[in-house]
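S.K.: What follows is a protein structure lacking sequence information:
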Ligand SMILES: NC(=O)c1ccc[n+]([C@@H]2O[C@H](COP(=O)([O-])OP(=O)(O)OC[C@H]3O[C@@H](n4cnc5c(N)ncnc54)[C@H](O)[C@@H]3O)[C@@H](O)[C@H]2O)c1
């Protein structure tokens, strides 16, 4: 029996509701795969910030370092600006643990209606690979004449050859591993962002020569946004910068039915540090506390964690259970047109797992 240590950070809003649901599923699957999970909970959240003036305590990163993996619900609260909650918790974790690959699959499951017309189950099946440690989220810049009428803000995007090359290579390796359409689309805006994104395009052109078995295309972000709607079936692996990956993965989540179905993994592929698994969605204050949040994005994120920890069979069983629940359509949450509560959706997944 292998025991894995997992740090859980439920965070804010619906994050607190979906975290326990994913743990129920993990604990149901683990014993059948000769594994167990030992969880340590961290109450770092906006509530913690309002009490202590910081999202996590000094040395918080060190507290997480020794875990096998990290599970996070969501952070964000209407009373606190989002840049404080994001920069105080999630972004430092991603950077400190060099989780440079943010992997966001989007699949149209049977039983789920796409807002796009006439899309067959399985026809949309893509992964957005987002660069996760630099680019537009590097937090380089500052204010001059802060809070004065002539205030100036400078924000710099940072693209390093090292950072760009490794995320592009990750995307190609993933396309090979998926062994599906074997395509990688690279997204930039190099016509207007004439330095960092030109470096990206050049790097993509070089790396792709090493993968002659993979078809490629380079798209500008505006064309990519259009083509996610116009021809989503054509995409397999899509690689983009921190900002573009963030935006595109919200589009990919919506065209396969709901934010409530979109999982995400923040991975350090070198495994020097723990990787973090979280749904794409935020704390959803509009539905928090009502017991109606869809737990499947969090549950599928836990599935990505299983796969990363080497429990591939357990991950496959988890995804099949979710797919069966969706296909049957008897236990759908509100965002998918159903009436079933959060915990009842998980109950349905657990019944399939069993
Ligand atoms: N990784 C994160 O922690 C993360 C990501 C995105 C946003 N946020 C934060 O979350 C807060 C709310 O942001 P937002 O409203 O723009 O995005 P959101 O993802 O929280 O919600 C967007 C919409 O989708 C719905 N939704 C999201 N997840 C759902 C689910 N699992 N089931 C059913 N419906 C779901 C919400 O009800 C809402 O109408 C903000 O403070 C934002 O900064 C955090």
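M.R.: In hand now; what should we look at? Since the model is a prediction, treat every value here as computed from it, not as a measurement.
S.K.: Could you say which helix or strand holds residue 206?
M.R.: Following DSSP states H and E, one finds residue 206 within helix 196-208.
S.K.: Run through who's touching the helix or strand following that helix.
M.R.: Elements were assigned by DSSP H and E; along the chain past helix 196-208, the next helix or strand is strand 215-220. With CB atoms under 8 Å, 6 or more residues apart in numbering as the test, strand 215-220 has contacts from 181-191, 201, 204-205, 208, 227. Heads up, the C-betas are built off the backbone N, CA and C, glycines and all.
S.K.: filter those to the buried ones?
M.R.: The neighbour-count test (16 or more other CB atoms under 10 Å) marks 181-190, 204, 208, 227 as buried among the contacts of strand 215-220.
S.K.: between those, which is closest to residue 67?
M.R.: Nearest to residue 67 among those, counting by CB to CB, is residue 184 at 31.4 Å.
S.K.: Farthest pair within the contacts of strand 215-220?
M.R.: Taking CB to CB, no two of the contacts of strand 215-220 sit farther apart than 182 and 191, at 27.5 Å.
S.K.: partner residues bridging the closest residue to residue 67 other than its chain neighbours?
M.R.: Nearest non-adjacent residue to residue 67, counting by CB to CB, 6 or more residues apart in numbering: residue 7, 4.4 Å away. Counting by DSSP bridges, residue 7 forms beta bridges with residue 40, residue 70.
S.K.: For residue 7, list the residues it contacts.
M.R.: Shown in contact with residue 7 (CB under 8 Å, 6+ apart): 39, 40, 41, 42, 63, 64, 67, 69, 70, 71, 274.
S.K.: Go again with 10 Å.
M.R.: Shown in contact with residue 7 (CB atoms under 10 Å, 6 or more residues apart in numbering): 39-42, 63-72, 93, 274, 276.
S.K.: of those residues, buried ones?
M.R.: Using 16+ other CB under 10 Å as the burial test, the contacts of residue 7 include 42, 64, 67, 68, 69, 70, 71, 72, 93, 274, 276 as buried.
S.K.: could I get these as TSV with secondary structure, distance to residue 259 and pLDDT?
M.R.: Formatted as TSV, these follow (DSSP: H, G, I helix; E, B strand; the rest coil; distance: CB to CB, whole Å; pLDDT from 0 to 100):
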residue	secondary structure	distance to residue 259	pLDDT
42	coil	24	98
64	helix	26	98
67	coil	27	98
68	coil	27	98
69	strand	23	98
70	strand	21	98
71	strand	18	98
72	strand	16	98
93	helix	21	96
274	coil	25	98
276	strand	18	98
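S.K.: just the residues you listed now: which is nearest the ligand?
M.R.: For the buried ones among the contacts of residue 7, the residue nearest the ligand by CB to the nearest ligand atom is residue 72; the value is 6.9 Å.
S.K.: so what's that closest one closest to, chain neighbours aside?
M.R.: residue 278 (4.0 Å).
S.K.: which residues does that neighbour bridge with?
M.R.: As assigned using DSSP bridges, the partners bridged with residue 278 are residue 264.
S.K.: if I look at it, how far off is residue 109?
M.R.: Per CB to CB, to the nearest Å, residue 278 is found 20 Å from residue 109.
S.K.: More neighbours: which of the two?
M.R.: Counted by other CB atoms under 10 Å, residue 278 and residue 109 do not tie: residue 278 has more neighbours, with 29 against 21.
S.K.: is it true that the more buried one touches residue 299?
M.R.: No: with contacts counted by CB atoms under 10 Å, residue 278 stays clear of residue 299, the gap being 12.0 Å.
S.K.: Can you pull the residues that touch both of these two?
M.R.: Common neighbours of residue 278 and residue 299 (CB under 10 Å, 6+ apart) are 18, 263.
S.K.: and the residue in the stretch 1-150 of the chain positioned nearest to the ligand, how many neighbours does it have?
M.R.: The ligand sits closest to residue 76 of the stretch 1-150 of the chain, with a gap of 2.2 Å, by CB to the nearest ligand atom. By the criterion of other CB under 10 Å, residue 76 has 23 neighbours.
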